[in-house]
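# Turn this into a model:
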Amino acid sequence: MVEEMFLKEEDKKEEKLLRFNSLTAQEINQVFQSKNSFKNGVFIVKHNSSTEFKFLITFSKKLKLNKPQKNLLKRQVKDIICKYRKENKLKNFNLVLILIKLPQSQIYSDLKSNINSILKQF
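Model prediction:
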């Protein structure tokens, strides 16, 4: 019984560490003004250093996605980053991911490979 409670508390601590904080408007402006950016086939990535890891996912207007599609993609990206953070230690930085092109097939696996390649650079 005590061991179960301990495990639950430990899981809560791990869950708290893996929770994501979103960027404030001021932090978003700082990221865009920092000029640290690069592009891969699917994302434009903008970043700057920070005291903790925070990120934002946004979409190009050219994609013409509706709200449910955007929400699904946001949940998938958060899941990919969460799994990556469990396996690897990330530095503290602010990250803005701008989705500019949707993968044609196997969206989740393509997003995962792109995001993992992006996060390996940090």
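# If Val96 is in a bridge, with which residues?
Note on Val96: beta-bridge partners by DSSP bridges are Lys46, Leu56.
# Tally up the residues packed near it, please.
Residues lying near Val96 (other CB atoms under 10 Å) number 21. Using the backbone N, CA and C atoms, a C-beta is placed for each residue, glycine as well.
# Repeat that for the one 4 residues further on.
Counted by other CB under 10 Å, the residues lying close to Ile100 total 15.
# Same check on Leu99?
Neighbour count for Leu99, taken as other CB under 10 Å: 21.
# and the nearest residue to it once chain neighbours are set aside, what pLDDT?
Using CB to CB, 6 or more residues apart in numbering and skipping the chain neighbours, the partner closest in space to Leu99 is Phe59 (4.9 Å). At Phe59, the model reports a pLDDT of 90.
# quick one: buried residues of stretch 44-56?
Of all the residues in stretch 44-56, those buried under the rule 16 or more other CB atoms under 10 Å are 44-48, 50, 53-56.
# Could you do stretch 96-115 as well?
Those buried within stretch 96-115 under the rule 16+ other CB under 10 Å are 96-99, 111-112, 114-115.
# Out of these, which two are the most distant from each other?
Val96 and Lys112 (18.9 Å; CB to CB).
# ok, back up a step: could you dump the buried residues of stretch 96-115 to a markdown table with pLDDT, distance to Phe122 and secondary structure?
A markdown table is the format used below for the buried residues of stretch 96-115 (pLDDT from 0 to 100; distance: CB to CB, whole Å; DSSP: H, G, I helix; E, B strand; the rest coil):
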| residue | pLDDT | distance to Phe122 | secondary structure |
| --- | --- | --- | --- |
| Val96 | 85 | 13 | strand |
| Leu97 | 87 | 13 | strand |
| Ile98 | 88 | 17 | strand |
| Leu99 | 90 | 19 | strand |
| Leu111 | 88 | 17 | helix |
| Lys112 | 88 | 16 | helix |
| Asn114 | 87 | 14 | helix |
| Ile115 | 85 | 12 | helix |
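# Turn the residues you listed into TSV, including distance to Asn36.
Formatted as TSV, the buried residues of stretch 96-115 follow (distance: CB to CB, whole Å):
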residue	distance to Asn36
Val96	10
Leu97	13
Ile98	14
Leu99	19
Leu111	22
Lys112	23
Asn114	18
Ile115	17
